[in-house]
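J.: build me a model from this:
(one chain, ligands or ions: 2)
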Amino acid sequence: MANFYCEYCGQKFSSVSILTASSCSRHPLGSNKGKHKLYEGGEKAKYTCKYCGQSFSSLSIMTASGCSRHPNGSNKGKHSPAL
Ligand SMILES: [Zn+2]
Ligand SMILES: [Zn+2]
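T.: Numbering: from 1, shown residues only. Ligands and ions are numbered 1, 2, ... in the order given. Down below sits the predicted model:
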């Protein structure tokens, strides 16, 4: 069965409808200010940040730390996965 991941927090879900129904603790507008967003890149061995190019072994590790090349300013936002 396929797994679905949130682009903001890396949480794993068994269905997209459950993913989009619940609030995300790492939503860019603030903790639980919006729903999880489906990461459309699928399951990968490693994920690359689209802003800085750093590689991470999981989305949850990636989205936990600030990105030095975030468009809002250095460390003003989290790393974000490229598709
Ligand atoms: Zn999330
Ligand atoms: Zn980054």
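
J.: secondary structure element holding the spatially closest residue to residue 83 that is not a sequence neighbour?
T.: Spatially, and ignoring its direct neighbours in sequence, residue 83 is nearest to residue 41 (4.2 Å; C-beta to C-beta, 6 or more residues apart in numbering). C-beta coordinates here come from the backbone N, C-alpha and C atoms, glycine included. Secondary structure assignment for residue 41, by DSSP states H and E: no helix or strand.

J.: equivalent analysis for residue 61, please.
T.: Residue 61 belongs to helix 59-62, assigned by DSSP H and E.

J.: now that helix, how far from the centre of its chain.
T.: How far helix 59-62 lies from its chain's middle: 7 Å, per C-alpha atoms, centre = their mean, to the nearest Å.

J.: excluding chain neighbours, what is closest to residue 33?
T.: In space, residue 33 is closest to residue 27, 5.0 Å off (C-beta to C-beta, 6+ apart).

J.: that neighbour touches residue 7, doesn't it?
T.: No - if you go by C-beta atoms under 8 Å, residue 27 and residue 7 don't touch, sitting 10.2 Å apart.

J.: and stretch 24-33, does that touch ligand 1?
T.: Yes - shown here: stretch 24-33 in contact with ligand 1 (C-beta under 5 Å from the ion) through residue 24.

J.: quick check, residue 18 in a helix?
T.: Yes - counting by DSSP: H, G, I helix; E, B strand; the rest coil, residue 18 is part of a helix.

J.: for residue 68, grab the count of nearby residues.
T.: Neighbours of residue 68 under the rule other C-beta atoms under 10 Å: 14.

J.: related to what we said a few turns ago, tell me the pLDDT of the residue nearest to residue 83.
T.: Looking at residue 41, its pLDDT is 94.

J.: again with the one 3 residues further on
T.: At residue 44, the pLDDT value in this model is 93.

J.: from now on call the first residue 439
T.: In the new count, where the first residue is 439, that last one comes out as residue 482.
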